[in-house]
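A.B. asks: Model the following, please.
(2 chains)
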Amino acid sequence: MDLIMANRDLIDHLRNLGLVAQVSAEDALADHLNSGSRTVYCGFDPTSDSLHVGNLVPLLALRRFQLAGHRPILLVGGATGMIGDPGGKTEERKLNPADLVQGYVEKIRVQASRFLDFECEAIAAIVVDNFEWTAGMTVINFLRDVGKHFSVNAMVQKESVRRRLEDDGSGISYTEFSYMVLQSYDYVVLNRRYDCTIQIGGSDQWGNITSGMDLIRRMEGGQAFAMTFPLITKSDGSKFGKSEEGTVWLDDKKTSPYTFYQFWFNCADEDVIPYIKIFTFFDDVEMARMRAAHEQDPGMRVAHIALAKSVTELVHGETGLTAALRITDALFSNKLDKLSEADLGQLALDGLPCHKVNDDEAGLIDLLVATGLSVTPRGEVTAGQARKFIKSNAISVNGQKVSDEETKLSRNTALYGRYHVLQRGKKNHVLVQWI
RNA sequence: GGAGGGGUUCCCGAGUGGCCAAAGGGAUCAGACUGUAAAUCUGACGCGUAAGCUUCGGUGGUUCGACUCCACCCCCCUCCA
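C.D. replies: Down below sits the predicted model:
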C-alpha cells in the first residue's frame, strides 16, 4: 500500500475533508501520528445484519488512517451490541437475543473487511469482537477491576446520559448506563494488546471515547487519544442515509447497487461537495475540478455523477456499478421503447425490481398492489392508494401516463410480448414480466 | 411503597358527551415548475369504488350516543421513602 499521506499532516488532511469534529490533545496527537506508525480503532455495534451508508464514514476514515501508514482495528461490538448505546438515542432500546447479535457480528465482520487492507505486512487491518473479552468476565471482576475507576458523578455529566436524564418521558436503564464502561474497557484491552492509542467515532461517541482515554490512563498509565467526526448532515435537515425505501444498506441484497447509486445521485446540490470529500478518494486536483464544474452548472450534475459512481464502485465493485448505470440509463433517458428485448431482460438481472405474472391479463390496480408500488404514506400497500395514484396522474406504463383506473394490461400490450415497465412518480419503477 | 402527572391516528400535539376518522404542525407520497436538485405552490395522507367498516393504552360499565363519564388493570415520567 502506498503511504501517500505519510508526510502530510493527517489531522489537517482530515479536517480539510470535514471529518474532524473533536480531537483530544491535538498537538500531542499530531506528533504522535507523525512520529511513527500507530494503531487506531473504531467500533461498530451489530444492530442489524448489514452496515449502512452512515457507517461508511468511520469505515473510510479507518481506511484513510491506513493509507497514511497506521494500523486500523475494526471492532465489532458483539458484547456492547447486546447492551445498546444510549448515545444518539432518545429512548431505551430493545435488547436483541444473543444468537441474533452473533449472527450480525459475522455478517458485519465480512462486510467491513472489504474496505481495509489485510495483506500489507506492517499495518494489516485487524478485526476483533469485544464479546471475546467481555463475555467471560464475572460481575465481581467487572465491578472491582473496571467499575471502580468510574465516577458516577462524571458519567452523569456526559452529554449522552444527561440528555436522557433531563428529558421527561425517556429515562435510562442501568444497562444502557453501563455501556460507556464496557466501551472504555474495550479501549483498554486494545491498548494492551495492540498498543492502540487512537480511537475514532461519530461525535456522539465523544463521551464514550474520552471516558476510555481516562480509563487507559488510570489502568495502564499511558496516554491515548480521541477523535470524532461530525454528524453527517443533509442540507434540508433530515436524517442522512435514508432513501424512499428506507435505510440505504451496504448489502446488495438489502439495497441494490442501482438503488444505492440513485441514493448518491439524488443528494442535494449543497451536499454533493461535502459528500465527495467524505465518501470518495479523489485527489485535490480532481476535487477542485468537480467543484468548479458543479458551481458553474449544477444542472449538469458532474459532481453528483462522480460521487455516485465512485461510492457505488467502492461498495459494489465494477459489476455493481455497471448494472446500476445500465438501469439508470434505461429508465431516465426516455428511451424505454428503444430498448431491445435483451436490454429489458438484462435490467431484471441487474437488479431492477421485477414482478412476474403468470396470466394473460391483469388489472393495472392489481399490478400496482402486487408490485408494491401503491404504498400509502404510512407504508401500507392498498388498492385505494393505487386508485389515488392513477387519479393524480402519477402512474405510467411503458413511459405513457395512464389515467383510467380500469386499465388492463396483457401480453398484447407488452413490449416484445413480455415486458411492461410500471412507473410511479418520477423515480419508482418495476419491471413486469409475463411468463 | 407514597404523592402527583401522563398514555390520541407515522411523530409532536389539540380535543373533555353528539357538529370526531378526530384541529394544527411535522414527516411522507404524488402533481406543477426545474435539472432524477433545493425552494415554492397544489393535492393526498385509517381501510373501502361506495354504502359502510375499524380506531384515540387494555377490559368491563353508564348512556339513545363516549376519545370525552365511572371501575379495575397495564405501561411511562417526576418527586418522596
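
A.B. asks: mind checking how far the top helix by length along chain A is from the chain centre?
C.D. replies: With secondary structure taken from DSSP state H, chain A has its longest helix at helix A:302-332. Centroid separation for helix A:302-332 versus its chain: 17 Å, with Cα atoms, centre = their mean, to the nearest Å.

A.B. asks: For the residue nearest the centre of chain A, give me its contacts.
C.D. replies: The centroid of chain A falls nearest to A:Val53 when counting by Cα atoms, centre = their mean (1.7 Å). A:Val53 makes contact with A:Phe240, A:Gly241, A:Val248, A:Trp249, A:Leu250, A:Phe263, according to Cβ atoms under 8 Å, 6 or more residues apart in numbering. For the C-beta atoms, the positions are set from N, CA and C on the backbone; glycine is no exception.

A.B. asks: List just the nearest of the residues you listed to RNA strand B.
C.D. replies: A:Phe263 (9.7 Å; Cβ to the nearest atom of the strand).

A.B. asks: Following element in sequence after the strand or helix carrying the closest one, please.
C.D. replies: For A:Phe263, the host element (DSSP states H and E) is helix A:257-265. Of the helices and strands lying after helix A:257-265 in sequence (DSSP H and E), the nearest is helix A:269-279.

A.B. asks: name the helices or strands packed onto that following helix?
C.D. replies: helix A:56-67, helix A:284-296, helix A:302-332 (3 or more Cβ pairs under 8 Å, 6 or more residues apart in numbering; DSSP states H and E).

A.B. asks: residues near the nearest residue to A:Asn358 once chain neighbours are set aside, how many?
C.D. replies: Closest residue in space to A:Asn358, ignoring its immediate chain neighbours: A:Ile435 at 5.5 Å, by Cβ to Cβ, 6 or more residues apart in numbering. Neighbours of A:Ile435 under the rule other Cβ atoms under 10 Å: 7.

A.B. asks: who in chain A is up against RNA strand B?
C.D. replies: With Cβ under 7 Å from any atom of the strand as the criterion, chain A meets RNA strand B at residues A:165, A:168-171, A:235-236, A:238, A:244, A:262, A:265-269, A:298-299, A:301, A:304, A:328, A:332, A:376-378, A:380, A:382-385, A:387-389, A:392-394, A:424-428.

A.B. asks: What about the residues you listed, which are in strands?
C.D. replies: A:Arg424, A:Asn428 (DSSP state E).

A.B. asks: which of the residues of chain A next to RNA strand B are buried?
C.D. replies: A:Gln262, A:Phe265, A:Cys267, A:Arg301, A:His304, A:Thr328, A:Gln385, A:Phe389, A:Ala394, A:Arg424, A:Asn428 (16 or more other Cβ atoms under 10 Å).

A.B. asks: give the contact list for the first one.
C.D. replies: A:Gln262 sits next to A:Ser243, A:Ala308, A:Ala324, A:Thr328, A:Lys427 when contact means Cβ under 8 Å, 6+ apart.

A.B. asks: Report the mean per-residue pLDDT for the longest helix of chain A.
C.D. replies: The average pLDDT for helix A:302-332 rounds to 93.

A.B. asks: Stretch A:417-429 too?
C.D. replies: On average, stretch A:417-429 scores 92.

A.B. asks: ends of that stretch, how far apart?
C.D. replies: End-to-end distance of stretch A:417-429 (Cα to Cα, to the nearest Å): 19 Å.

A.B. asks: who's in contact with that stretch?
C.D. replies: A:244, A:262, A:266, A:331, A:336, A:341, A:344, A:352-353, A:367-368, A:371, A:373-374, A:389, A:394-399, A:409, A:411, A:413-415, A:430-435.

A.B. asks: That stretch: how far from the chain's middle?
C.D. replies: Distance, centroid of stretch A:417-429 to centroid of chain: 28 Å (Cα atoms, centre = their mean).

A.B. asks: And for stretch A:225-236?
C.D. replies: 13 Å.

A.B. asks: how about the CA coordinates for it, as CSV?
C.D. replies: What follows is stretch A:225-236, C-alpha atoms only, in CSV (Å, rounded to 0.1, in the frame of the first residue of the first chain):
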residue,chain,number,x,y,z
PHE,A,225,-6.3,9.9,22.0
ALA,A,226,-9.7,10.6,20.8
MET,A,227,-11.0,12.0,17.5
THR,A,228,-14.6,12.2,16.3
PHE,A,229,-16.3,13.1,13.0
PRO,A,230,-19.2,15.4,12.8
LEU,A,231,-22.6,14.1,12.2
ILE,A,232,-23.2,13.8,8.5
THR,A,233,-26.0,16.3,7.8
LYS,A,234,-28.3,16.9,4.9
SER,A,235,-29.0,20.5,3.8
ASP,A,236,-32.7,20.1,4.4
